[in-house]
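# Provide a 3D model corresponding to the input given below.
(one chain, ligands or ions: 2)
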Amino acid sequence: MSGHTHPCCKIGPSILCADLSCLADECRRMIHSGADYLHLDVMDGHFVPNLTFGHPIVKCLRPKMPDVYFDMHMMVQNPEKWVESMADAGANQYTFHVEACEDIPALCRKIQESGMRVGVGLKPGTPVETILPYSDLFDVVLIMTVEPGFGGQRFMEDMMSKVQYLRTNFPDLDIEVDGGVGPSTIDVVAEAGANMIVSGTAITGATDPSQVIALLRNSVENAIQKSQLER
Ligand SMILES: O=C(CO)[C@H](O)[C@H](O)COP(=O)(O)O
Ligand SMILES: [Fe+2]
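Ligands and ions are numbered 1, 2, ... in the order given. Got it, this is the predicted structure:
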C-alpha cells in the first residue's frame, strides 16, 4: 500500500439545462437528491457561443444555501476579471480555461489568495502537457469531454487518456470530468480515474435524479476501491 489517499468521489450536477427561472429550487432539488456540490456554468458569449449567468446570480443563490459547495465553471474570456466578484458572491471553486488565460500562474495565485479552490479547465483540443509546469498551483483539473458551450452533447471517450495520465502522475489530484457524462458513460470515466463527476442533462432530465446520482457514485466508488486493491 502506498501512502496516497485517493481523493473521494463527488457528484456535481450541472444545472445548465434545468429550469433556470427556478434556479434555487432546481439547486435544492439536486442537493436533496444526493449531490455533493453544484457545478455552475458561466458563459460569456465570447469564449463560447452561448450565454448563461454571472456573479450577481451566484450572490443571490448563496444565502439560500449557505453550506453548498459552488464550483464555478468559467467559460469566459479574461477569466482574471471575475475572481474578486465570484469570491465575494460566495463561490468555492473557480475553474478557468487555460485557453482563455495569458498568465496561468498569476491567475492561480489570485484565485487562491481570494480564498477559492483553483480549477484549471482543458478543452478537448488542449493537451494535458499545457498545465504540467503549474501542477503545484491548482487543486482540480477539469477535463472537458465535449466542446464547451452547450449541454446535452455526446461524450468524447478519447479524452480518457488525459484522465489516465493525470491519475497515474498525480494520485491525490481532484480530477473532474464534464460533458455527456451519465449512466451509459460513467464506467469508462470512473475506470480512467476521475473522482469529481459533472453531469447535466442525465441528472436534471431524469424522472428520479437521486437514482442517477446513486448510480454514478456507485460506479466511481467501485473503481476507486478496485484501484486501491491493485496497489
Ligand atoms: O460545461 C458544460 C457545457 O459546456 C456543462 O457543464 C456540461 O455540458 C454538462 O451538461 P451535460 O452533462 O448535459 O453534457
Ligand atoms: Fe461545465
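# number of nearby residues for Val220?
Neighbour count for Val220, taken as other C-beta atoms under 10 Å: 24. Just so you know, the C-beta spots here come from the backbone N, C-alpha and C atoms, and that holds for glycine as well.
# Quick check: it vs ligand 1, distance?
For Val220, the distance to ligand 1 equals 15 Å [C-beta to the nearest ligand atom, to the nearest Å].
# my guess is His39 contacts Met74, does it?
No: counting by C-beta atoms under 8 Å, His39 stays clear of Met74, with 11.5 Å between them.
# What residues of stretch 88-106 count as buried?
Across stretch 88-106, burial judged by 16 or more other C-beta atoms under 10 Å covers 89-101, 104.
# Name the residues of this protein found near ligand 1, please.
By C-beta under 6 Å from any ligand atom, the residues of the chain that approach ligand 1 are 14, 16-17, 39, 41, 73, 146, 148-153, 178-181, 198-202.
# For Val42, grab phi and psi.
Backbone geometry at Val42, expressed as degrees, to the nearest 10, gives phi -100, psi 120.
# Quickly list what it is bridged to.
Met74 (DSSP bridges).
# Now do whatever residue of the chain ends up closest to ligand 1 against Pro209, distance only.
For the chain, the residue positioned closest to ligand 1 under C-beta to the nearest ligand atom is Gly200, at a distance of 2.4 Å. Going from Gly200 to Pro209 by C-beta to C-beta, to the nearest Å gives 11 Å.
# circling back to that earlier point, just to check, the residue of the chain closest to ligand 1 is in contact with Cys17?
Yes: with contact defined as C-beta under 8 Å, Gly200 and Cys17 form a contacting pair (5.4 Å).
# Need the overlap of contacts for these two.
Shared contacts of Gly200 and Cys17, defined by C-beta atoms under 8 Å, 6 or more residues apart in numbering, are found at Gly151, Gly152.
# Now do the helices in the chain.
Remark: helices assigned in the chain by DSSP state H are 23-32, 55-61, 83-89, 104-113, 160-169, 186-192, 201-204, 209-230.
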